[in-house]
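1. can't give you the sequence, but here's the structure:
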């Protein structure tokens with residue numbers, strides 16, 4: 001999909017090819033790889049997507065919302081009472097901000113109320129059939145739990161008064177050791193493809209959802225404790241989480257949000273005061289680590305795998321796919337539910353027979369298209385900031401197009417298209433940076449096949465959803481790269497040559513684009529001075545490479561000069577899309593090292609820096625430095641899935 005990487009990169013020992021533009025090839029057949037026999041209809045994956053502007057498509061920007069009419073009369077009355085009687089806080093633009101105590105949160109339990117559940121409530125590991133969830137309470141043991149860090153902006157989403165973080169019982173409540181008033185805890189059932197192979201039932205093995213909070217804007221937010229103990233989906237695991245992985249998830253959730261990338265959020269991080277045994281590298285050397293719990297927040301934690309598990313079981317469980325699709329559309333895609341046939345959302349597909357897809361005649365097809373487009377938009381944004389997820393299994397793909405499940409993630413330091421932060425992924429590099437766009441398509445194909453197997457969409461509609469993925473990705477990626485370079489329009493040759501140069505010389509991805517804004521649009525700059533603005537990132541390059549970079553900068557300056565945009569205006573616009581600060585793995589590790597010794601200040605300081613990634617932040621320059629030598633040791637630059 002991405003044709004911009006160098007021959008040096010493409011000659012590396014990858015088991016998957018580097019990505020080509022959709023317009024240059026059709027995706028291969030993408031069959032399910034089940035570990036047990038079941039019959040999914042195979043789609044004739046003959047879709048393609050051009051890199052031009054596709055017609056039609058649905059809005060990617062619809063905010064999460066809820067159908068207030070679906071709430072019980074009591075919950076609506078309670079919400080009004082909370083706003084009028086229990087609220088306190090600021091007045092902004094004449095509107096009083098709601099500030100609630102934890103006991104006054106407006107809980108709703110639509111997931112357990114509207115979807116089929118497990119009749120059992122124990123946490124004994126087992127296959128859970130014909131159910132979307134199991135009611136199970138946190139079982140974590142604590143010993144003087146402590147609040148490590150918290151997000152005030154997430155508290156605002158919940159209308160939660162920030163003073164609640166000062167409560168002595170707050171760590172008990174958000175470790176799961178004490179129940180939150182109004183919560184109805186459950187673990188979700190889902191399956192998924194892991195590294196391309198069907199893994200069967202997976203589910204929330206250590207995450208327990210407390211329920212949904214409806215805020216004063218009628219937005220729905222699920223609260224989930226990650227690391228709160230065993231569930232029926234824990235298999236042989238203990239259901240706990242350790243401090244190092246919890247710090248990484250907490251910080252990256254909030255850092256990605258500040259970068260403008262769709263993501264789950266994190267309200268708080270607490271230690272349990274207990275130790276958890278983990279074998280970080282799966283090398284037979286387990287050790288005790290401090291335990292911790294993150295409270296994750298999202299409109300929904302539904303994943304592609306939430307649908308796959310029921311489709312894989314066929315028969316009556318196929319109806320659960322429909323029920324779960326109806327639930328998602330009702331609560332999280334209401335604009336699709338309310339589509340008017342007069343909108344005439346009919347489009348010609350890219351198939352040879354030019355079939356027509358009418359999205360107003362089938363809400364499930366419209367939904368599949370929007371899920372595909374949200375996913376494509378998300379992956380394009382990842383590529384723009386150099387983020388590598390590390391574990392793009394289908395159970396880690398949100399139907400809302402959110403970055404979800406932060407495990408062995410990593411931001412690019414030295415630009416390397418084959419980079420993967422996951423030690424488990426090293427043999428094949430399936431989830432390396434360059435492969436993310438194609439893996440996104442592969443995962444969308446599995447989701448589309450799931451809906452097809454439940455007869456919610458037909459083959460033509462499934463193929464159109466994948467076609468829209470390709471078009472959306474290329475449109476967004478090209479727009480992002482154009483903005484990153486401050487160009488008036490997309491220039492494929494210029495960008496391709498740039499990424500080739502960056503890959504050859506292993507240039508720091510974040511710092512390069514930030515410094516690029518310092519180049520002046522002056523064609524009369526002496527040749528020997530052209531690389532001066534980039535000298536901090538063009539390190540140890542010889543004469544031949546200097547000539548290659550000089551030639552590129554000359555062409556780049558000519559493009560800038562022709563645009564007529566002032567240097568000051570261009571610099572401001574480029575700095576608004578090229579962050580100065582990203583959550584590099586070594587920064588996380590420094591915060592983890594201190595936290596494991598009981599010092600949480602670096603976690604909190606790093607959170608504050610990452611809340612303003614595009615600002616210069618005088619005095620915080622050290623957080624934008626190139627990684628030190630120790631940052632490349634195992635356990636820092638690369639991690640396993642263990643946590």
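-> Noted; the coordinates are in hand. Not measured: the values here are computed from a predicted model. Numbers count the residues shown, from 1 in each chain.
2. Show me where the stretch 201-350 of the chain has its strands.
-> 207-214, 220-226, 265-278, 287-298, 346-348 (DSSP state E, counting those that start in this stretch).
3. quick one, the first one and strand 287-298 angle?
-> So that's strand 207-214. Inter-element angle recorded for strand 207-214 and strand 287-298: 20 degrees (by axes from the mean of the first three to the mean of the last three Cα atoms, to 10 degrees).
4. So what touches strand 207-214?
-> For strand 207-214, the external contacting residues (Cβ atoms under 8 Å, 6 or more residues apart in numbering) are 66, 68, 71, 75, 79, 105-112, 133, 136-138, 158, 176, 180, 182-188, 220-229, 231, 296, 301. In short, each C-beta sits where N, CA and C put it, glycine included.
5. Whichever of the residues you listed end up buried, select them in PyMOL.
-> Selecting the buried subset of those in PyMOL, with 16 or more other Cβ atoms under 10 Å as the burial test, is done by:
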select buried, resi 66+71+75+79+105+106+107+108+109+110+111+112+133+136+137+138+158+176+180+182+183+184+185+186+187+188+220+221+222+223+224+225+226+227+228+229+231+296+301
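6. thinking again about what came up before, would a markdown table of the strands of the stretch 201-350 of the chain with distance to residue 615 and mean pLDDT be doable?
-> A markdown table is the format used below for these (distance: least, Cβ to Cβ, whole Å; pLDDT from 0 to 100):
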| stretch | distance to residue 615 | mean pLDDT |
| --- | --- | --- |
| strand 207-214 | 31 | 98 |
| strand 220-226 | 27 | 98 |
| strand 265-278 | 21 | 96 |
| strand 287-298 | 25 | 96 |
| strand 346-348 | 42 | 65 |
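7. Turn the ones you listed into JSON lines, including distance to residue 580.
-> JSON lines is the format used below for the strands of the stretch 201-350 of the chain (distance: least, Cβ to Cβ, whole Å):
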{"stretch": "strand 207-214", "distance to residue 580": "33"}
{"stretch": "strand 220-226", "distance to residue 580": "30"}
{"stretch": "strand 265-278", "distance to residue 580": "22"}
{"stretch": "strand 287-298", "distance to residue 580": "26"}
{"stretch": "strand 346-348", "distance to residue 580": "41"}
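8. between those strands, which gets nearest to residue 447?
-> Closest to residue 447 of the strands of the stretch 201-350 of the chain is strand 287-298 (Cβ to Cβ; 18.0 Å).
9. burial of residue 315, as a residue count?
-> 8 (other Cβ atoms under 10 Å).
10. ok, now residue 135?
-> 16.
11. do the one 10 residues further on as well
-> Residues near residue 145, counting by other Cβ under 10 Å, number 25.
12. With adjacent residues omitted, what lies nearest to it?
-> For residue 145, ignoring the flanking residues on the chain, the nearest one in space by Cβ to Cβ, 6 or more residues apart in numbering is residue 171 at 3.8 Å.
13. and that neighbour, how many neighbours does it have?
-> 23.
14. just residue 160 next, same as before
-> 23.
15. isn't it right up against residue 100?
-> Yes. With contacts counted by Cβ atoms under 8 Å, residue 160 reaches residue 100, the gap being 5.9 Å.
16. coming back round to it: with residue 150 as the reference, measure out to the residue nearest to residue 145.
-> 11 Å (Cβ to Cβ, to the nearest Å).
17. tell me which residues of the helix or strand harbouring residue 503 are tucked away?
-> Applying DSSP states H and E as the criterion places residue 503 in helix 492-505. Residues of helix 492-505 classed as buried: 494-505 (neighbour count, 16+ other Cβ under 10 Å).
18. SS state for the residue nearest to residue 145?
-> helix (DSSP: H, G, I helix; E, B strand; the rest coil).
19. so what's it up against?
-> 142, 145-147, 270-271.
20. mind checking which helix or strand the closest residue to residue 476 other than its chain neighbours is in?
-> The spatially closest residue to residue 476, leaving aside those adjacent along the chain, is residue 380, at 3.8 Å (Cβ to Cβ, 6+ apart). Secondary-structure assignment from DSSP H and E places residue 380 in helix 363-385.
21. Give me the most central residue, the protein.
-> For the chain, the residue sitting closest to the mean C-alpha position, by Cα atoms, centre = their mean, is residue 403 at 0.9 Å.
22. In contact with the closest residue to that one other than its chain neighbours, which residues?
-> Ranked by Cβ to Cβ, 6+ apart and with sequence neighbours excluded, the top spatial neighbour of residue 403 is residue 263, at 4.1 Å. Each residue near residue 263 by Cβ under 8 Å, 6+ apart is listed here: 253, 256-257, 402-404.
23. any idea of the mean pLDDT for stretch 367-387?
-> Across stretch 367-387, the average pLDDT comes to 98.
24. Kindly state the distance between the middle of it and the middle of its chain.
-> Put simply, stretch 367-387 sits 9 Å off its chain's centre (Cα atoms, centre = their mean, to the nearest Å).
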